[in-house]
Structure formats: structure tokens, C-alpha cells
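Colleague: Test case, fold it:
(one chain, ligands or ions: 1)
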Amino acid sequence: MEMLKRLIHLFPTAHPKKELILNKYTIVKNAIDPIEEKTEYKFVEFKDINLELHKKEQKMGQLHIVLLPIMAHGHMIPVLDMAKLFISRGVKTTIISTPPFSHPIIKAQESGHDIGLSILKFPPEGSSLPENIATLDQVPSPDLIPKFFEALALLQKPVEKILQELHPNCLISDMCLPWTTDSANKFGIPRLVFHGTSCFAICASEQMDLHKPYKNVSSDSEPFVIPNLPHRFIFTRPQVSPFELHEEENDFTKLMQQMKEAEEKNYGVVINSFYEIESDYADFFKNVMGRKSWHIGPLLLCNKGGVEEKSHRGKESEIDQHECLSWLDSKKPDSVVYACFGSQAAFTQAQLHETAAGLEASGQDFIWVVQKGKNEDNWLPEGFEDRTKGKGLLIRGWAPQVMILDHPSVGAFVTHCGWNSTLEGICAGVPMVAWPTFAEQFYNEKLVTEVLGIGVSVGNKKWQRVGSEGVERAAVKTAVERIMVGETAAEMRRRAMSYKEMARKAVEEGGSSYNCLNDLIHELSVYEHPKKQDIN
Ligand SMILES: O=c1ccn([C@@H]2O[C@H](COP(=O)(O)OP(=O)(O)O[C@H]3O[C@H](CO)[C@@H](O)[C@H](O)[C@H]3O)[C@@H](O)[C@H]2O)c(=O)[nH]1
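Modeller: Numbers count the residues shown, from 1 in each chain. Reported below is the predicted structural model:
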């Protein structure tokens, strides 16, 4: 609405072009329809409006941040939260996005969040990615993943066009977009990187890369320690990603190298986490690795909209939220295990079968989410659904995860340790069964189980991007029982509740993340680029 008021104030006879500025059109149209009947509106170019608006805002001193995530749920969801957070502190914020991720942003606009949106086409012109692949989870096979990242690189020109039009003061972009460092430089603005992961994982991964401790072992079963970190973590080689092991030189390893080089030239890193949960690593990042960072999370806590906001994150849920809530309402406090493995994890049929058998054998009530809405059910043990009727709820497809985790009946979370899920578990105060599969998840497992002491490991020993398997039903049963039953479980739950409290305090006025965000906003407000060009 603020934006609308400014537009009307500046251009009493102007109306933004629908095709060029779709989101603002929605706001403007709804808000001034009654006036529209009486007044004649002259159409002006979007660019002109922006330029004038920009000049006026510069005079008013309003900071404008542009956010650029990649097309993956684990990256897009926290970026939308980040936009809401910046806006709640009076910072003008625009997200550059692509369908279908633009839909949740439009929904957020409709429910009153004054977020700017610039929509791009993805895959972009010139990309060899099939037209029907718009998000990372839609990539059907690993050999297409390099094409996905090539397509991301082709966004440089369209993104720079938007930056030229919007004249922001800062660009916060995904770590997978190293070219945005140059783009930001061209416009004389700082680029901040958003990894989407914990600071802990960034530190561990960089030390792994720097010291290559896996070179000192002679077999896959021989353990090694990552040197130099504040804690002692034992790994084996199969838990490390093939990119970190430098097993082969390919497009992805080249991209990782570019990301590293860009990172060194960046202004700093914005982290979706809070100081208290990884203080040793926030300090290590700053004092040992010599990098600037701002812990401003957990970002999800900026959502104050109740069940509606909690149940619509990323995608429409496969299950009706009321049905899900009444199922949970029928259960005792802390009695349900929630199992979900994020948006990317791909288990084999055999692994799904073992997971089902383990959950059933644990004897606990459960909600289990299996992505991709598989039609054929031969991955379920025979009679599984009949035997677990009333005890188990199987969601085939997207679940309202935050809503479920926040329900008092949920007593534990079986998670792949994606960082968003991990933080959501922490914010809900539930202990976790750590079941990492790929990406940086094996690091997050250590944070949850060994640093924070709020989880047990299921014992997965192998990093696998697709076709994850190897965890047997007995391991699932044992881990679920350990997290649900007995004094150790109760102790972990108490500890998890105390981290939940810390998370809430961190984002409240005067809390660590609240203050860190103040510092960031202040720094960006007074920032002068060394090579600032006159972009007007
Ligand atoms: O049925 C579902 C499944 C997921 N989610 C949400 O989707 C997000 C998933 O994010 P995350 O837990 O981080 O998992 P991934 O989707 O696997 O995320 C990728 O990106 C993350 C951020 O970089 C990394 O930490 C992970 O390792 C990487 O796999 C979370 O907000 C979940 O609440 C739902 O709402 N419903």
C-alpha cells in the first residue's frame, strides 16, 4: 500500500502498464478501481515511473534491496520470508523470480505484504533445458542438472536489465549465481550472498576443502576429523560430496570454483540462522575465515499470520489443512513422529519400503510425507495402510510442514537435515532424527546431534543425490524409539524447547538477530561503492 500511495502521489495521472509491472498492477487496480471510474489515467512507461520513484525515494533515503534466489523450494521459501522481514523494517524490497515461484509472492502481496516482484522467464532464451523444467525439483535426471545451472547463468542479462530499471541499493543473491557479483559491481552496489544454509555448514565445508582430510585415509571406512574447527567431528569419505572430494572435474566443480572466487569479492553473507545456535561458528567465520556475515534469522519467524501463513509455504499442500489439523488434534501431546525429507531428496523404492517398515515397527503414531505423489504403491509393505490406519497419515506430495511441526501433538521430526527443515524443527522445539542424504546435510546432522544435542542419527553413511538407500528398517525403528521414548528423549525435548525460546528471543526487539538486521540496514544505508557510477 505504501508503494501505491507513493505512485498515486507522484503520478496522479499515471497508471502502470499491466504487462510490465504485473504485481503492482494487482495492487493498484484493486485499490483505485473506484477512483478509476471518475478519473482519466494516462499510461506511462514502467521505466519512467521507476526512475522518478527511485529519485524521490533516494531523496527520502529509503533503502531498496533486490533479492534473487534460485528456482528451488529450499532457496525460494526463506527468500520470501526475508523480503517480509525487510519490509517490516521499512526497507523497500523486490524479489526477482520466475513462475511458479512468483505465485507465492503474489499471494503474499494479496495478503498485504508490499513486496515488489519482477518476473523473469525460466528457462531463459538460449537455454538447452527442456521448457517444462522451471524448478530444480522438476529436473528428471542428474545429467540435466548442469543444464539447469547453465540456464541460471543465462539470466545475467535480463537480471541486469531489471537492476538498471530498479536502481536498488543492494543485491542479495543466491550463492549459485556467482556472476551477480559482477552485475552488482556494474551498478555500483554491494552484493551480499545468501547460501540458504547454516554458518556451521559453510565453515565445515570450507575447512574440508582447505585441508582435504579425506586424503589421509586409506579406505572408505576409516574415519577422519575435519581440522581447525571449534569442535571435533568425525566423518568417513562416503559422507562427503563428490564435488568436495574433487573426484572429477566437471561443470559443477567449475561452478563451485566460480562461487568461491565470487564469494571472496562480495560484501558479505546473510545467514538464515541466529547467533546463539552456532555462536562458535559465527565467531569462527568472522575471526578465522575473515568474512563478514549477518545472522538475521530464523527468517520463518517473521510470519505472524497464523495457520494460513504456516500452511502455505512454497506450494499448495496436498492435504487439506483442516483435515490434517483434526487428525493431529485427535492425538496426545508429543505423541506423533513427523517424517519428511524436503523438496529434493530421492529415495529408492527399496528405501521407501524400509522407511515404512521401520515407522510401523516403532509403534509410534506418525505423519510421513513422500514427495512426487507416486501412483504405484508397491514401495509400501503389503497391507501397510490398513494396518496403520488411524496410527499413520501418509501424505503423497507437499505437506503443510510448519503447521504440522508447530502442532502440540508432534513429538519428533525425522528429517533429511535440509537447513530450512532443521530450523523449522528448532523453532517448533521438537527433537530430531537426523537422516541426511546429500548437499550439506551431513554437516547439519553434526550440529543437531553433537553440538546442540537435540537429535539422534539414523546412521546414514552415504552421500547420494538421487537413489538414496542403505538405511534399514531396524535403524529407523531404533532411532524413532530413541527420540520418542525414555529419559534421554525427554532431555532432548527439554533442550529443544529451550532452543525454540532462544530463537524467538533472537528475532524480538533487542534480540541478536534483530540487532544484527539493524546493523545491516544501517551499513547498507551509508554504503558508498568504491567505483560508484552515476547510474541516473
Ligand atoms: O512437503 C513439504 C516439503 C518441504 N516443505 C518445505 O520446503 C522447505 C524445504 O527446505 P529444506 O529443508 O532446506 O530442504 P531442501 O528442499 O532439500 O533444500 C535444499 O536447500 C537447502 C537450503 O540451501 C539445503 O539446506 C538443503 O540441503 C537442500 O537440499 C522447507 O521450508 C519445508 O518446510 C514443505 O512445506 N512441505
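Colleague: Against the ligand, how distant is Gly268?
Modeller: Distance check for Gly268 against the ligand: by CB to the nearest ligand atom, to the nearest Å, it reads 18 Å. No exception for glycine: its C-beta is placed from N, CA and C like everyone else's.
Colleague: Now the residue nearest to that residue when sequence neighbours are not counted: phi and psi?
Modeller: Excluding the flanking residues, the one nearest Gly268 by CB to CB, 6 or more residues apart in numbering is Lys292, at 3.3 Å. Phi and psi for Lys292, reported as degrees, to the nearest 10, are phi -90, psi 140.
Colleague: State whether Lys292 and Ile271 are indeed in contact, as I suppose.
Modeller: No. Applying CB atoms under 8 Å as the test, Lys292 and Ile271 come out as separate, 10.8 Å apart.
Colleague: Enumerate the residues of this protein near the ligand.
Modeller: 73-75, 77, 196-197, 313-314, 340, 342-344, 369, 398-399, 401-402, 418-421, 424, 439-441 (CB under 6 Å from any ligand atom).
Colleague: Quick one: residues contacting the residue nearest to Gly268.
Modeller: Residues in contact with Lys292 (CB atoms under 8 Å, 6 or more residues apart in numbering) are Tyr267, Gly268, Val269, Lys286.
Colleague: So which residues of the stretch 1-150 of the chain form helices?
Modeller: 2-10, 22-38, 46-60, 73-88, 102-110, 145-153 (DSSP state H, counting those that start in this stretch).
Colleague: Could you list the domains of this structure?
Modeller: Listed domain ranges for the chain are 2-60, 315-505 (source: automatic domain parsing).
Colleague: okay, now the closest residue to Pro190 other than its chain neighbours: neighbour count?
Modeller: Closest residue to Pro190 apart from its sequence neighbours, by CB to CB, 6+ apart: Tyr267 at 3.6 Å. By other CB atoms under 10 Å, the residues close to Tyr267 number 20.
Colleague: wait, Tyr267 sits on Leu192?
Modeller: Yes. Assessed by CB under 8 Å, Tyr267 is found in contact with Leu192 at 5.5 Å.
Colleague: who touches both of these two?
Modeller: With CB under 8 Å, 6+ apart, Tyr267 and Leu192 have common neighbours Cys170.
Colleague: residues in contact with Ser111?
Modeller: Gly305, Glu308, Glu309.
Colleague: a markdown table for the residues you listed, including pLDDT, distance to Pro104 and neighbour count?
Modeller: Formatted as a markdown table, the contacts of Ser111 follow (pLDDT from 0 to 100; distance: CB to CB, whole Å; neighbours: other CB atoms under 10 Å):
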| residue | pLDDT | distance to Pro104 | neighbour count |
| --- | --- | --- | --- |
| Gly305 | 77 | 13 | 15 |
| Glu308 | 79 | 12 | 12 |
| Glu309 | 82 | 11 | 18 |
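Colleague: So which of these belong to helices?
Modeller: Glu308, Glu309 (DSSP state H).
Colleague: Among the contacts of Ser111, which one sits closest to the ligand?
Modeller: When the contacts of Ser111 are compared for distance to the ligand (CB to the nearest ligand atom), Glu309 comes out closest, at 11.9 Å.
Colleague: hang on, isn't the closest one packed against Leu301?
Modeller: No. Contact criterion CB under 8 Å: Glu309 and Leu301 do not qualify, at 11.3 Å.
Colleague: Kindly report which one of the helices of the stretch 1-150 of the chain carries the lowest mean pLDDT.
Modeller: Here the lowest mean pLDDT among the helices of the stretch 1-150 of the chain goes to helix 22-38, at a mean of 30.
Colleague: The residue of the stretch 51-200 of the chain found nearest the ligand: neighbouring residues, count only.
Modeller: Closest to the ligand within the stretch 51-200 of the chain is Gly74: 2.3 Å, counting by CB to the nearest ligand atom. Other residues within reach of Gly74, judged by other CB under 10 Å, total 21.
Colleague: Now Ser241: phi and psi?
Modeller: Dihedral angles (degrees, to the nearest 10) for Ser241: phi -70, psi 150.
Colleague: How about the contacts made by it?
Modeller: Phe438, Ala439, Trp463.
Colleague: out of these, which one sits closest to the ligand?
Modeller: Minimum distance to the ligand across the contacts of Ser241 is 3.4 Å, recorded for Ala439 (CB to the nearest ligand atom).
Colleague: measure whichever residue of the stretch 201-350 of the chain sits closest to the ligand to Pro436 for me?
Modeller: The ligand sits closest to Gly342 of the stretch 201-350 of the chain, with a gap of 2.9 Å, by CB to the nearest ligand atom. For Gly342, the distance to Pro436 (CB to CB, to the nearest Å) stands at 11 Å.
Colleague: Pick out whichever of those two has more residues nearby.
Modeller: Pro436 (27 against 23).
Colleague: which secondary structure element contains that one?
Modeller: Element membership for Pro436, per DSSP states H and E: none, as it lies in no helix or strand.
Colleague: Surely it and Trp419 touch.
Modeller: No. Contact between Pro436 and Trp419 fails when scored by CB under 8 Å: they sit 11.2 Å apart.
Colleague: anything in contact with each of those two?
Modeller: Joint contacts of Pro436 and Trp419 (CB under 8 Å, 6+ apart) are Asn444.
Colleague: Just the CA coordinates for the strand or helix carrying Val480, please, in CSV.
Modeller: Element membership for Val480 (DSSP H and E) is helix 473-484. Extracted in CSV, the C-alpha atoms of helix 473-484 (Å, rounded to 0.1, in the frame of the first residue of the first chain):
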residue,chain,number,x,y,z
ARG,A,473,14.1,-50.7,9.0
ALA,A,474,15.8,-51.7,12.3
ALA,A,475,17.8,-48.4,12.2
VAL,A,476,14.6,-46.4,11.6
LYS,A,477,12.8,-48.2,14.4
THR,A,478,15.7,-47.7,16.9
ALA,A,479,16.2,-44.0,16.0
VAL,A,480,12.4,-43.3,16.3
GLU,A,481,12.2,-45.1,19.6
ARG,A,482,15.2,-43.3,21.0
ILE,A,483,13.8,-39.9,20.1
MET,A,484,10.3,-40.6,21.4
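Colleague: how far does it sit from the chain's center?
Modeller: Put simply, helix 473-484 sits 28 Å off its chain's centre (CA atoms, centre = their mean, to the nearest Å).
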